[in-house]
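Trainee: one predicted model, sequence on top.
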Amino acid sequence: MQGFASLPSLASELQVSESTIRRDLDSLESSGSAKRTHGGVFYTGPSPKLQHFDQRQKTHWEKKQQIAEVASRLIEDGDTILLDGGSTTYELARQLVGRPLQIVTNSLPVANLFTTSDVDLVIIGGSIHTRTGVSLGPYANAMLAEINVRRAVLSVAGVNQQGYYNSNLLLVETERAMMKAADTVIVVADSTKFGQSSLARLGALGDIDTLVVDNEISPEWRERICGSGVDLIVAGDAAEK
């Protein structure tokens, strides 16, 4: 199956009942391979075969899925959303397939999710980082300088007291351009990233608006993030459920 398929067409193609199709789709949706929508289903399975991206996507997958589900509730229908190429952001993109949105992204795997979805899709151009499938560099930054989005959602490789980090200097420059293009900046990061750093610093803790993380974040980090003026949302907390 590629893109969108209706329930009747699937039942006809597979020569089974629609009730059987519904049960199978429930299982596929639970695994992240499909997204149910009115009258049918969107394929949201494996991204283009980028080995480095696939490896990162599998790491702490359950945490990333929880974070993505909560972050998706921050997105309103009709929003213009800018998504970077992080593995947690990719999980969020899966949650957004089928919703009426305008999606802007520099990620080929993220863009691939929406190519057959009924959304307004804008792909940021530039040099492609072949390991991750994201565009970056001066052409990407110049395009970002000409647009405005309501929300930007970014992933990071590390968070410490000095701020947020990623592992590629050119990527960080492009993500800074993304932050400037957005009215609201959301970072999605699992708890294993805290207390870590990487090659390039994206910005200080208080340079974003909202941080979404799983509930294994320590009390010390909860206090530090809130003290920086950032709206902290913890997936799995009793208050969040």
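Mentor: Now that the structure is in, tell me what you want to look at.
Trainee: what strand or helix carries the most centrally placed residue in the chain?
Mentor: Nearest to the mean C-alpha position of the chain, counting by CA atoms, centre = their mean, stands Thr89 at 1.7 Å. In this structure, Thr89 sits in helix 87-96 according to DSSP states H and E.
Trainee: just checking, which helix or strand succeeds the helix or strand of the chain with the lowest mean pLDDT along the chain?
Mentor: Here the helix or strand of the chain ranked lowest by mean pLDDT, DSSP states H and E is helix 51-58, holding a mean of 51. On the C-terminal side of helix 51-58, the closest following helix or strand by DSSP H and E is helix 61-72.
Trainee: check the offset of that next one from the chain's centre.
Mentor: 9 Å (CA atoms, centre = their mean, to the nearest Å).
Trainee: next SSE after it?
Mentor: Using DSSP H and E, the helix or strand that follows helix 61-72 in sequence is strand 80-83.
Trainee: using CSV, list the CA coordinates for that next one.
Mentor: C-alpha atoms of strand 80-83 as CSV (Å, rounded to 0.1, in the frame of the first residue of the first chain):
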residue,chain,number,x,y,z
THR,A,80,1.5,26.3,9.4
ILE,A,81,4.1,24.0,11.0
LEU,A,82,7.9,23.8,10.4
LEU,A,83,9.4,20.4,11.1
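Trainee: packing partners for it?
Mentor: Applying 3 or more CB pairs under 8 Å, 6 or more residues apart in numbering; DSSP states H and E, we find strand 80-83 packed against helix 87-96, strand 102-105, strand 149-155. C-beta here means a position set from N, CA and C on the backbone, and glycine is covered the same way.
Trainee: picking that back up, CA atoms of the helix holding Thr89 as PDB?
Mentor: Output of helix 87-96 as PDB, limited to C-alpha atoms (Å, rounded to 0.1, in the frame of the first residue of the first chain):
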ATOM      1  CA  SER A  87      13.800  11.200  14.700                       C
ATOM      2  CA  THR A  88      11.400  12.500  17.400                       C
ATOM      3  CA  THR A  89      10.100  15.100  14.900                       C
ATOM      4  CA  TYR A  90       9.500  12.300  12.400                       C
ATOM      5  CA  GLU A  91       7.300  10.500  15.000                       C
ATOM      6  CA  LEU A  92       5.400  13.800  15.400                       C
ATOM      7  CA  ALA A  93       5.000  14.000  11.600                       C
ATOM      8  CA  ARG A  94       3.400  10.500  11.600                       C
ATOM      9  CA  GLN A  95       0.800  11.800  14.100                       C
ATOM     10  CA  LEU A  96       0.000  14.700  11.900                       C
END
